[in-house]
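Visitor: after the sequence you'll find the predicted model.
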Amino acid sequence: KAGVTQTPRYLIKTRGQQVTLSCSPISGHRSVSWYQQTPGQGLQFLFEYFSETQRNKGNFPGRFSGRQFSNSRSEMNVSTLELGDSALYLCASSSTTGDGTGANVLTFGAGSRLTVL
Amino acid sequence: AQTVTQSQPEMSVQEAETVTLSCTYDTSENNYYLFWYKQPPSRQMILVIRQEAYKQQNATENRFSVNFQKAAKSFSLKISDSQLGDTAMYFCAFAEYGNKLVFGAGTILRVKS
C-alpha cells in the first residue's frame, strides 16, 4: 500500500513568488492535513480538508491556502512568499476527519522542504 | 488553547537501556487524545503510540509504553531496550478530536552504542 506522497521534495523560491505543494494521500483516505515545521515555531497546523471541504484551519495568514480534489489529492499554495515561510511542509492523511468521534492516527508524508531566498 | 510542553530538548541513552521522555499538556477538556510521534533523520513522521484520555490503562506498543497521569496532565514515553534505530526527534502531541494536532517542541533522542 503506497504511503503519503508529497511533491516536490525540495524547492527554492525567491521572496514575492508563489508556490504550490502537492500531497497524494493513502488510497482510501479522505482527510488531508497540512503542517508547517520550522526550527523556531516547531510543528504548526495549517489546515485540514475532507471530501473537498476545508474542515479546520490554523492560525496562518490568508497567503496560505489549500484545496482538495475529488480523488482526495490536496494542494497547498503560499502566495507572496516571505523569508519566514522557509520550512518543511508536512502533509498527513487519515481515513476520517474525526468529527467529534475521536482523533485519528495520521500518516505523514516525507515533506516538502521550501527555501525562500 | 491547548499547549504541549516537552521540557527535555535532548537526551542520550546507551543501547539496550531504558529512557523516559517527558511531556505535559494543558487543556480544560475531559476527553482528548495524546500521541507520541517519532521523526528520524529521514524526516518521515511515524506514530509511536496513541492514548485515549478516557482509558485508564496505559498504552503500550512493543518496547514503547506510556505513563499517562490525567490529573497531573502528564504523558511520558518509556522506551525499553533502546536500539540505534530509535535515534530520532520525538514529538508529543495532543488532539481534542479530529485531525488538528498540537505538538510539543520535541526531544532529540540519541542512542549510543
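Guide: Received it, and whenever you're ready, just let me know what you need.
Visitor: so what touches stretch A:9-21?
Guide: With Cβ atoms under 8 Å, 6 or more residues apart in numbering or on different chains as the test, stretch A:9-21 has contacts from A:6-8, A:75-83, A:89, A:91, A:110-117. C-beta here means a position set from N, CA and C on the backbone, and glycine is covered the same way.
Visitor: same check on stretch A:85-94?
Guide: Against stretch A:85-94 from outside (Cβ under 8 Å, 6+ apart): A:4, A:6, A:21, A:23, A:25-26, A:29, A:31-38, A:43, A:46, A:72, A:74, A:76, A:78, A:104-109, A:111-116, B:43, B:45, B:99.
Visitor: for A:Phe45, which three-state class applies?
Guide: When classified by DSSP: H, G, I helix; E, B strand; the rest coil, A:Phe45 comes out as strand.
Visitor: what about it, distance to A:Ala87?
Guide: Counting by Cβ to Cβ, to the nearest Å, the separation of A:Phe45 from A:Ala87 is 13 Å.
Visitor: what's the spacing between A:Ser31 and chain B?
Guide: Look at A:Ser31 and chain B: by Cβ to the nearest Cβ, to the nearest Å, they are 6 Å apart.
Visitor: pretty sure that residue sits against B:Asn99.
Guide: Yes - the pair A:Ser31 / B:Asn99 is scored as a contact, 5.6 Å apart, by Cβ atoms under 8 Å.
Visitor: what helices and strands are in contact with the worst-scoring helix or strand of chain A on mean pLDDT?
Guide: Taking mean pLDDT, DSSP states H and E as the measure, chain A has strand A:53-57 as its least confident helix or strand, at a mean of 90. Using 3 or more Cβ pairs under 8 Å, 6 or more residues apart in numbering or on different chains; DSSP states H and E, the elements in contact with strand A:53-57 are strand A:42-50.
Visitor: name the nearest residue to residue 92, sequence neighbours excluded.
Guide: Since you didn't name a chain, this refers to chain A. A:Leu106 (3.9 Å; Cβ to Cβ, 6 or more residues apart in numbering or on different chains).
Visitor: to clarify, I was referring to chain B.
Guide: B:Cys23 is the one closest to B:Cys92 (Cβ to Cβ, 6+ apart), at 3.5 Å.
Visitor: what's the answer for B:Thr20, then?
Guide: B:Thr20's closest residue in space is B:Lys78 (Cβ to Cβ, 6+ apart), at 4.9 Å.
Visitor: the strands in chain B, which residues?
Guide: B:3-5, B:10-14, B:19-21, B:24-26, B:33-39, B:46-52, B:60-61, B:64-69, B:74-79, B:88-95, B:102-103, B:107-112 (DSSP state E).
Visitor: so how far is the fourth one off the chain centroid?
Guide: Per Cα atoms, centre = their mean, to the nearest Å, the displacement of strand B:24-26 from the mean C-alpha position of its chain is 12 Å.
Visitor: residues touching it, excluding its own?
Guide: Counting by Cβ under 8 Å, 6+ apart, B:2-5, B:7, B:34, B:72-75, B:92, B:94 sit against strand B:24-26.
Visitor: same check, this time on the first one
Guide: Counting by Cβ under 8 Å, 6+ apart, strand B:3-5 makes contact with B:23-26, B:92-94, B:102-105, all of which sit outside it.
Visitor: out of those residues, which end up buried?
Guide: B:23-25, B:92-94, B:102-105 (16 or more other Cβ atoms under 10 Å in any protein chain shown).
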